[in-house]
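A.B. asks: Make a model of this:
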Amino acid sequence: MEGGNRPDDWTERYRPSTLSEIEGNGDKLRRVKLWLDGWSEGSIPKKRGLLLSGPPGVGKTTLAHALAKERGWKVVELNASEQRNAAAIRESATRGSQNFSLDNFSTDSSETIRTVVLLDEVDHLSGGFAKVSEERIEKSIVSEEEVSLKGDSGGKAELLNLLRNTKNPVIMTCNDPMRLWGRGGNWRSNRDRVLRISESVIFERVDRSDLRRIALRVLDSEGIGIDPESLNALIDSNPGDLRALVRDLQSLSCIVDGHIEMSAVRDLSDAVVRDSQINVFNSLKKAYTTRSGEVVAEIVRNSDKDPDEMLAWFAWNNQSIMAASGLEMVSRAMCRSDSFLATKYSNRAFRSWYWGSALPAQAIASVSTGSSENEVFVSFPDFLRRGGETWRTGSLISDLSEKLGTSRASVREDLWPTLLAAHNSSL
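C.D. replies: Residues are numbered from 1 along each chain as shown. Coordinates of the predicted model:
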C-alpha cells in the first residue's frame, strides 16, 4: 500500500496495489481475475470488454490498476476529464489496443505482455450510439486545428468498435449503467449491444467488517489510536464507501493529537454531508424486486423521501425498469396517486397524501416477477435536479467545459451542482 514517496492524499497513499489488499466484493474480484486470466494465456476471449459498474468509492478503478500491475501489464487510461469523442477514443485507445507491447520482443518470457485499455466513468459519455463518418474521425485526428468533432461526439459508437476489434483487454468503469445505455426507447437494445461483447460485473458497497479492517490498517500505519465506540460511529455514518472512509480518517487526523475520540467523530459528522440518496436507491431496488405488499409498505414508510418525492422517483424509473405489460397498470395507479398529493393543501390529516407513494409501490409489487436475477438500475430523476433546465444551463456548461478542458457531461454532473450550492443566493 505504501510507496517510497508517501502522497499527501491518503486515498492515494493507501490505494491498493495488489489484489490481496482490496477489501470487499470477493466474488466480483474472482470473476474479474478469471476474465483477465483468459488474456494471460495468450488467447482472446469471446467478450473482449469488461464493464465494472457500481457506486463510487468501492474500488472499481483501483482494481483495474492493481490487476494490471500484478501481471506487469501497461495501462492506457482515458478518463472523464478528457474529451472522449470518436477521434479521441480511436487515437488513444482503439489504435493502442491493436498492438502488443514491444516488450514482447525484448524478453524471453513466454507470458504475453498486454496493454490494458481503461475507460473510466463511461456513463459520462454523452450522446447516443450513432456513428460518425470515417472522414470526420480521420480529419479530427490528423488536424492540429479545432474541427467539427467536439465533446463526446461519436464516442459510444467508437466504444463499440473498440470492443469488437481490440487485441488487448478493455476495462470500463461506471457508476450508473442506465446513463450509458441512454434514457430513450432504445436503451435495452443499446444495453444488449454493449453486453454482447463485454462482461458485466456489478460491484456493491462494502460491509462493516471491510470498513473496519481498512480503518484499523490505515490508523495503525499512521500511528493513530481510536476508541472502539468512535470507530463504530465512524463506520455507522459511512454507506460503504472506502474512499470516503479514508478521507474521513485523514480529516480526523488533522484535528486530533494521536488519538481519535467520540467528540472528534461528532464534529466531523456535523461538517460532512454524506450521500443522502443511499436510502432511496436501496428502497426502490427492493420495491422493484419484491411481490410482497407488506414489504413495499414498509419501504415507503421508512424511506427518507416524502410521498411526492417518492412518486417522482417511481415515475422516472418505471419506464426503464418495468416491462411494457406491467407499465400500463402501474401508470393508472400513478395518476391516481398524483391526485392524492393535493391533500396536503386542503387538510392536515395527510392520510391521502401517504397514499401518493403507497399506491404506486403496491402496484409495482403486484406486477413484479419477484426475481432479482436481472440487476435493477435506479437513477436520480433528471427533472428534480435544481437548475438543470437546458435553456438555463446549456451555454454556461459549454463555456465551463471549454475553459476547463473537460467534457460537458463532467461539468454538468460533477461541477454544476456544487456551483449551484455555493452560489445559492445569487442563483
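
A.B. asks: Neighbours of the nearest residue to residue 223 once chain neighbours are set aside, how many?
C.D. replies: Spatially, and ignoring its direct neighbours in sequence, residue 223 is nearest to residue 258 (7.0 Å; C-beta to C-beta, 6 or more residues apart in numbering). Glycine gets a C-beta too; all of them are placed from N, C-alpha and C. By other C-beta atoms under 10 Å, the residues close to residue 258 number 9.

A.B. asks: now do residue 189
C.D. replies: Should you count by other C-beta under 10 Å, residue 189 turns out to have 11 residues around it.

A.B. asks: what separates it from residue 128, distance-wise?
C.D. replies: From residue 189 over to residue 128 the distance is 11 Å, taken as C-beta to C-beta, to the nearest Å.

A.B. asks: can you give me the helices for the stretch 151-300 of the chain?
C.D. replies: According to DSSP state H, counting those that start in this stretch, the stretch 151-300 of the chain carries its helices in the segments 155-165, 177-181, 187-195, 208-222, 228-236, 242-253, 262-271, 278-288, 293-302.

A.B. asks: So what touches the second one?
C.D. replies: Just to be clear, that refers to helix 177-181. Contact partners of helix 177-181, identified using C-beta atoms under 8 Å, 6 or more residues apart in numbering, comprise 51, 53, 122-125, 156, 174, 187-188, 190-191, 194, 200, 320, 377, 379.

A.B. asks: one more time with 10 Å
C.D. replies: 51, 53-54, 121-126, 129, 156, 159, 172, 174, 187-195, 200, 202, 317, 320-321, 375-380, 409, 413 (C-beta atoms under 10 Å, 6 or more residues apart in numbering).

A.B. asks: Just the buried subset of those residues, please.
C.D. replies: 51, 53-54, 121-126, 129, 156, 159, 172, 174, 187, 190-191, 193-194, 200, 317, 320-321, 376-380, 409, 413 (16 or more other C-beta atoms under 10 Å).

A.B. asks: can you give me the strands in the protein?
C.D. replies: All strands of the chain, identified by DSSP state E, fall at 49-53, 74-78, 115-119, 170-174, 198-202, 225-226, 259-260.

A.B. asks: of the ones you listed, which approaches residue 405 most closely?
C.D. replies: strand 74-78 (13.9 Å; C-beta to C-beta).

A.B. asks: now residue 292: how far from residue 47?
C.D. replies: Taking C-beta to C-beta, one finds residue 292 at 36 Å from residue 47.

A.B. asks: Comparing the two, which residue is more hemmed in?
C.D. replies: residue 47 (17 against 14).

A.B. asks: gap between that one and residue 204?
C.D. replies: From residue 47 to residue 204 the distance is 22 Å (C-beta to C-beta).

A.B. asks: And for residue 161?
C.D. replies: Residue 161 is 31 Å from residue 204, by C-beta to C-beta.

A.B. asks: Who has more neighbours out of those two?
C.D. replies: The residue with more neighbours, out of residue 161 and residue 204, is residue 161; 17 against 13, by other C-beta under 10 Å.

A.B. asks: Alright, that wraps it up for me.
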